[in-house]
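**Q** Give me the fold of what follows.
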Amino acid sequence: MARPFNLVLFLFWCITWEPLYGQIDYEALALKHKGEQVITVQHTEHLIISYEDGRLVARTEVEQERMLLEDMSVGIYNTVGIYHSYFSKLEDYEAVALVPDNKGGFKKITDYITQTTSPSSETIFYDDSKLTEITFTGLKANSIIKTKYTISHVDLHLLPNIYFKENWYAEKIIFKVTAPKYVHFKFVIRGEQSGNIQQTRDESKNTITYTFTSVDVPALEVYNNVPGILYYVPQVIPYITDYKLPEEDKQVRFLSDTSDIYKYLYHYIAGVNKTADKQLDSIVQEISGNDNQLLDKARHIFQWVQTNVHYIAFEDSLEGFVPRQASDICKRKFGDCKDMASLLTYMCGKAGIEAHFTWIGTRRLPYTYAETPLSLVSNHMICSIKINGDWIFLDATEPIIPFGTNPYYIQDKEALIAIDEQKYLLLVVPETPAQINVNTDSTYITIEGSKISGKVVLDKDGYDAWNIAYKIGQYNNEHKSEYIKALTTRGNNKYVQQSYTVKLEPQGQKHAKITSDFTIDNYVQNAGNEKYLNMNLNSYDDYQPIEKKKDRTTPFYSNYNFIQKEVVVVKIPDGYTVTNIPPDDAQELEGIWSYKLKYKLTGNLLTLIKEYESKSLTIPVSKFPENNKMVERLKKQFKESVTLTSKQ
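**A** Model (predicted):
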């Protein structure tokens, strides 16, 4: 609803903002950015640490100024959003719009519409984050929106980062931190173009102010095949290492290293599962009581949790950190990652297996505890068990993956394992070998004039098989048929799926097998007494050169390593002979990926065998030229056809 006119607020804006917009040549800015929709004139965030009532408190004061450059942009960019939550509380906000008048100046608008909602997320059922939106109407080209607001930070362990990028061009982005001299800070600066961030340090009698400034900031560019923008967006991460309060003689360690963040995280789990539950204990006995080996007990417990407890993500204030009691999760039959870790830890422990709560970050996060000993390193929780000296990571939020395998999104990530109140272990989850993710794609075809018909057989192991099993479990028959067609389609858009079968192994490594009978009209090219057939039937969108943008210093990332085998067998029509076969080929980008192509003629059967192997989750920028050269060579092979000539 519209806020009522407030004279005090109006005078505040006159006093506070008049000098600012009076000093800026907005006409020059509009000319400089002609053709753009919107720019940020300035964005400033000021984190202030102060000592109040015997404790340290933190707040961030934010000021931002946006200029709308085109008539069409005033209906698109006229809303400013402010995110806040339990740990980052919105204390106050104010806004004003400056609309060009006919005299070369601006008319102030202080009336605006506000609404506060809970942003939706496809991956989170509920969290406590809020979005307060401020919307102005009656704007026109070259209008300016200025906003101010204050966020108070409930927990100094969770201070905000600032990202020196916006979705559009920014003239200037500033981050300030002011704190008493007895509060010691560290700052981690990372991301592409972070060298453009200028730093200063100013001391007064009692405080130190650290300032980070970036000017002439291009709009955020989103790269493909990167786990998340945090890998490359320039950012400053502040955290307090230690302090000594005025009334105290002792220096207090706060977030100096991994041990400090561990102590902080551990206090959230310290009171979990301290009381036995008879009902849950009896379930553990029923599930694993007949097993003689700990490995079998762990497998059956893991599978029971996968089957009987549904994953639903909750991020509600402290509940975003504190796992619920295992007994409660067992009764409810649903929970988030912390809850499922709680249940697994309790059940495995009851079965005599060493089991521990474990914090871990998904691959969306690029951070390590050595670089940033902060909670932002982890956004996920699992259970780690130790059997016969080997560590096994259990993540039951994935309902399909087999026992002993890891979700692709925690490969190569640090696992912070809680041993006890003081002791922890930091391990890296290994990458899943390509030999686990083997996909064999076989096509058997016959030729009838210009039409081909045949059968596709897909044999899949590893992540692809588990993904297929999960998706098929979500689809009705109509959507399932469409999904299978998408997996098996080849040749061109005239592919017609006649029938299909699906076989999913429910146990072991959960192999998936799909068959499909198909026809493709007008696929074979006929010219005189010759037929031309391209045996490269699959779509090869995955094999494209990596676009090397001039400012990209971010590697190319894959979800997992794999081996892809493709076999195409064609029956030579009666009365025809093979007169041209493309040459075989093999290339390797050492340590990263390789391919082999080989044709083989046996009697009246011509076979094309292709094999691709991914050997690394990343392709460094330095390898882009070699990779692209290899891809271009491979794509030329995909265009090659065999020639069949009539014997008559």
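
**Q** quick one: residue 523 and residue 449 touch, right?
**A** No: using C-beta atoms under 8 Å, residue 523 is not in contact with residue 449, being 10.2 Å away. Just so you know, the C-beta spots here come from the backbone N, C-alpha and C atoms, and that holds for glycine as well.

**Q** Closest to the centroid, which residue in the protein?
**A** residue 364 (3.7 Å; C-alpha atoms, centre = their mean).

**Q** if I pick it, what's in contact with it?
**A** By C-beta atoms under 8 Å, 6 or more residues apart in numbering, the residues touching residue 364 are 227-228, 230, 379, 409.

**Q** rerun at 6 Å
**A** Counting by C-beta atoms under 6 Å, 6 or more residues apart in numbering, residue 364 touches 227-228.

**Q** Ramachandran angles for it?
**A** Residue 364 adopts backbone torsions of phi -60, psi -20, taken as degrees, to the nearest 10.

**Q** so how far is residue 248 from it?
**A** Using C-beta to C-beta, to the nearest Å, residue 364 is found at 39 Å from residue 248.

**Q** same check, this time on residue 628
**A** Counting by C-beta to C-beta - residue 628 and residue 248 are separated by 60 Å.

**Q** Comparing those two, which shows the higher neighbour count?
**A** Taking other C-beta atoms under 10 Å, residue 628 and residue 248 do not tie; residue 628 has more neighbours (15 against 10).

**Q** Correct me if wrong: the more buried one contacts residue 589.
**A** No: between residue 628 and residue 589 there is no contact under C-beta atoms under 6 Å: 10.2 Å.

**Q** Overlap in contacts, those two.
**A** By C-beta under 6 Å, 6+ apart, residue 628 and residue 589 have no common neighbours.

**Q** Let me see the ranges of the helices in the stretch 151-300 of the chain.
**A** 258-269, 278-288, 294-308 (DSSP state H, counting those that start in this stretch).

**Q** same thing with the stretch 451-600 of the chain?
**A** 463-474, 477-488.

**Q** can you list the ones you listed in a markdown table and add mean pLDDT and distance to residue 632?
**A** Listed next are these as a markdown table, based on pLDDT from 0 to 100; distance: least, C-beta to C-beta, whole Å:
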| stretch | mean pLDDT | distance to residue 632 |
| --- | --- | --- |
| helix 463-474 | 94 | 26 |
| helix 477-488 | 92 | 27 |
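
**Q** Give me the pLDDT for residue 647.
**A** pLDDT, residue 647: 86.

**Q** And for residue 316?
**A** 50.

**Q** quick one, phi psi at residue 343?
**A** phi -70, psi -50.

**Q** swap in residue 635?
**A** Taking degrees, to the nearest 10, you get phi -70, psi -30 for the backbone angles of residue 635.

**Q** Kindly report the domain assignment for this structure.
**A** 7-178, 259-428, 434-646 (automatic domain parsing).

**Q** winner for burial among the ones you listed?
**A** When the domains of the chain are scored by mean count of other C-beta atoms under 10 Å, the highest mean neighbour count falls to domain 259-428 (a mean of 19).

**Q** Start and end of that domain, how far apart?
**A** 17 Å (C-alpha to C-alpha, to the nearest Å).

**Q** How far off centre is that domain?
**A** The chain centroid and the centroid of domain 259-428 are separated by 21 Å under C-alpha atoms, centre = their mean, to the nearest Å.

**Q** One more: stretch 172-181?
**A** 29 Å.

**Q** Run through who's touching that stretch.
**A** Contacts of stretch 172-181 (C-beta under 6 Å, 6+ apart): 42-49, 162, 164, 207-215, 217, 236, 238.

**Q** State the mean pLDDT of it.
**A** The model assigns stretch 172-181 a mean pLDDT of 98.

**Q** wait, residue 272 sits on residue 321?
**A** No: under the criterion of C-beta under 6 Å, residue 272 makes no contact with residue 321, lying 11.1 Å away.

**Q** State the distance from residue 382 to residue 416.
**A** 10 Å.

**Q** my bad, should have said residue 460
**A** In terms of C-beta to C-beta, residue 460 sits 33 Å off from residue 416.

**Q** Any stretches of the stretch 51-200 of the chain with poor pLDDT?
**A** 120-127 (pLDDT under 70).

**Q** got the residue ranges for the strands in it?
**A** In the stretch 51-200 of the chain, the strands defined using DSSP state E, counting those that start in this stretch lie at 55-68, 79-84, 88-100, 106-109, 113-117, 126-127, 130-135, 143-153, 162-163, 170-180, 183-190, 198-203.

**Q** Ok, the stretch 451-600 of the chain next?
**A** Ranges of strands in the stretch 451-600 of the chain, per DSSP E, counting those that start in this stretch, are 451-460, 495-504, 512-520, 525-527, 530-533, 556-557, 563-571, 576-580, 585-589, 593-602.

**Q** looking at those, which is closest to residue 279?
**A** strand 495-504 (32.3 Å; C-beta to C-beta).

**Q** Tell me the helices and strands packed up against the closest one.
**A** Counting contacts by 3 or more C-beta pairs under 6 Å, 6 or more residues apart in numbering; DSSP states H and E, strand 495-504 is packed against strand 512-520.

**Q** And for the strand it packs on, what's in contact with it?
**A** The contact list for strand 512-520, computed with C-beta under 6 Å, 6+ apart, reads 452-453, 455-460, 465, 468, 488, 491, 494-504.

**Q** do the same with stretch 280-298
**A** So stretch 280-298 is contacted by 300-301, 304, 327, 330, 347-348, 350-351, 353, 385, 387 (C-beta under 6 Å, 6+ apart).
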